[in-house]
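Undergrad: I would like the atomic coordinates for the input below:
(one chain, ligands or ions: 1)
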Amino acid sequence: MRVMDTPDEDPAPHPDTVLLHGDRALHDDAALVPPITYSATFLARDEADFGDMAARPRHPRFYTRYGNPLHARVARIVARLEGTTDALVMGSGMGAISTTALALLEAGDHVIAQSRHYMSTSKLVEELLPRFGVTATVVEQTDPAAFEAAIRPETRLIIVETPANPTLVVTDLAGIAAIARPRGILTIADNTFASPLNQQPHRHGIDIVVHSATKYLGGHHDLMAGIVCCDAALAERIWATHVTLGSVLSPMDAWLLLRGLRTLSLRVERINRNALALAGFLEAHPSVARVHYPGLPSHPQHALAQRQMSGYGAVIAVEIDGGHAETSRFVSALRLSSQAVSLGGVDSLAVHTAAMWAGTMNAAQMARAGIPVNMVRMSVGVEHIDDLKADVDRALRDAMRSP
Ligand SMILES: *Cc1c(COP(=O)(O)O)cnc(C)c1O
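TA: This is a model prediction of the structure:
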């Protein structure tokens, strides 16, 4: 039996349950765990079936660049978490973001984005889109009025990302939606840093939600994937461009992503708890100058974060009470947090923020972007909190000792 786009008839369960059963309508054989549908192409039953497969947008069994049964399952679950009717699964977060932008924009259009975005998103907006005649204005994301002031008659899209690197500044999602919606300007929110369990931008009026599924959704630092969540009409538009650009998620990685999703709520619950506790511990530590974490009352936008988030995620930016050398020694002295980029997985990671951006920014640019030399970005994992605290405490003491 083939079950494709069967509408969901079950009542809306909690997100924890959606993660396990949200793709149940797509079960189509006896296996509890779906097979890895490792096939580039799919069989038609007859000529009429083939005609339907070829003509129907987003058919999950035609050709894997167009869709795949595992993509459909992942999309169904994440769309339900985000509260959108549809979702598209892509080969990476950047695949999802750039495909979406290229699908919705044309020469002459204008985009408003934040001064602080994921670096490749900034490059898309400030370097790639202008090559195709799309102009952009970047604004201070903490000020909704700045977005409003940047609007022009040709503004088609506002791109936001919250919380954002490196200092976890927060964008007012409902505030941006209220500015964009009445003017017919589409909005995209990169929800990667929050995860769909801690924040659902569509429920605040944002049209399109994108994720790097490489982070929390996969959750184990072993795959790259991206997701775009939106309504059916937008999904169809974006899918048409996706088929042309070809940012396809492999069936194996789609299967790993589906497997990762089953435990998302357990992981995010632990990560939220660990990160909040570690942020508080660091803030009280004598060798720490400042901690940036939206869950701390000291965060300048804590009240806004509380309004639009139900948990605050893995990422903490900590400024240690020292210079470049002490900061490097601190990162190197950590035993539980590996020195690696990415975030939102089961293992804790830590990077010296200035070193991460050294290849793309000079000292003056870093200062403007709010990246001091003593900043470390940590992504807190699911280890025991006592061990995480002991590890940062020991590493701070090692770092402060003169070499
Ligand atoms: C990682 C990340 C991306 C890019 O995703 P990839 O899966 O690495 O392509 C985009 N936005 C944010 C906020 C990210 O953290």
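Undergrad: all contacts plus neighbour counts: C-alpha atoms, from now on.
TA: Will do.
Undergrad: give me the number of residues near the residue of the stretch 101-250 of the chain found nearest the ligand?
TA: For the stretch 101-250 of the chain and the ligand, the shortest gap (Cα to the nearest ligand atom) falls at residue 212, measuring 4.1 Å. Other residues within reach of residue 212 by the criterion other Cα atoms under 10 Å amount to 26.
Undergrad: Unless I misread the structure, residue 377 falls within a helix.
TA: No - according to DSSP: H, G, I helix; E, B strand; the rest coil, residue 377 belongs to no helix; its state is strand.
Undergrad: Next up, the contacts around it.
TA: Residues near residue 377 by Cα atoms under 8 Å, 6 or more residues apart in numbering: 166, 315, 316, 317, 318, 350, 351, 352, 353.
Undergrad: Quick one: neighbours of the residue in the chain that the ligand sits nearest to, just the number.
TA: Closest contact between the chain and the ligand, by Cα to the nearest ligand atom, is at residue 93 (3.3 Å). Burial measure for residue 93: 26 neighbouring residues, criterion other Cα under 10 Å.
Undergrad: pretty sure the residue of the stretch 101-250 of the chain closest to the ligand contacts residue 90?
TA: No - between residue 212 and residue 90 there is no contact, the gap being 9.4 Å when judged by Cα atoms under 8 Å.
Undergrad: Give me the common contacts of the two.
TA: 96, 225, 226, 227.
Undergrad: Around the second one, count how many other residues there are.
TA: What that stands for is residue 225. 26.
Undergrad: And the helices in the stretch 101-250 of the chain, which stretches?
TA: Taking DSSP state H, counting those that start in this stretch to define them, one finds helices in the stretch 101-250 of the chain at 119-123, 129-131, 144-150, 173-180, 232-245.
Undergrad: Out of those helices, flag the one nearest residue 381.
TA: Among those, helix 119-123 comes nearest to residue 381, with 22.9 Å by Cα to Cα.
Undergrad: my read: residue 242 touches residue 101, true?
TA: No - Residue 242 is beyond contact range of residue 101, at 10.7 Å (criterion: Cα under 8 Å).
Undergrad: more neighbours, the two?
TA: Using other Cα under 10 Å, the more surrounded residue of residue 242 and residue 101 is residue 242, with 25 against 19.
Undergrad: Sticking with the closest residue to that one other than its chain neighbours, tell me its helix or strand.
TA: Nearest non-adjacent residue to residue 242, counting by Cα to Cα, 6 or more residues apart in numbering: residue 99, 5.9 Å away. Element membership for residue 99 (DSSP states H and E) is helix 93-104.
Undergrad: hmm, back to that, quick one: which of the helices of the stretch 101-250 of the chain is nearest residue 47?
TA: helix 232-245 (22.9 Å).
Undergrad: Not counting that closest one itself, show me its contacts.
TA: So helix 232-245 is contacted by 57-58, 65-66, 85-88, 99-100, 102-104, 229 (Cα under 8 Å, 6+ apart).
Undergrad: Now which of those residues would you call buried?
TA: Among those, those classed as buried by 16 or more other Cα atoms under 10 Å are 57-58, 65-66, 85-88, 99-100, 102-103, 229.
Undergrad: Could you show which parts of the stretch 201-350 of the chain are in contact with the ligand?
TA: Residues of the stretch 201-350 of the chain lying close to the ligand (Cα under 6 Å from any ligand atom) are 212, 214, 224, 225, 226.
Undergrad: residues of stretch 13-23 that come out buried?
TA: Across stretch 13-23, burial judged by 16+ other Cα under 10 Å covers 15, 16, 18, 19, 20, 21, 22, 23.
Undergrad: can you give me phi and psi for the second one?
TA: So that's residue 16. When read as degrees, to the nearest 10, the backbone of residue 16 gives phi -60, psi -40.
Undergrad: To which secondary structure element type does the closest residue to it other than its chain neighbours belong?
TA: Computed as Cα to Cα, 6+ apart, the closest residue to residue 16 that is not its neighbour in sequence is residue 265, at 5.7 Å. Judged by three-state DSSP, the three-state class of residue 265 is helix.
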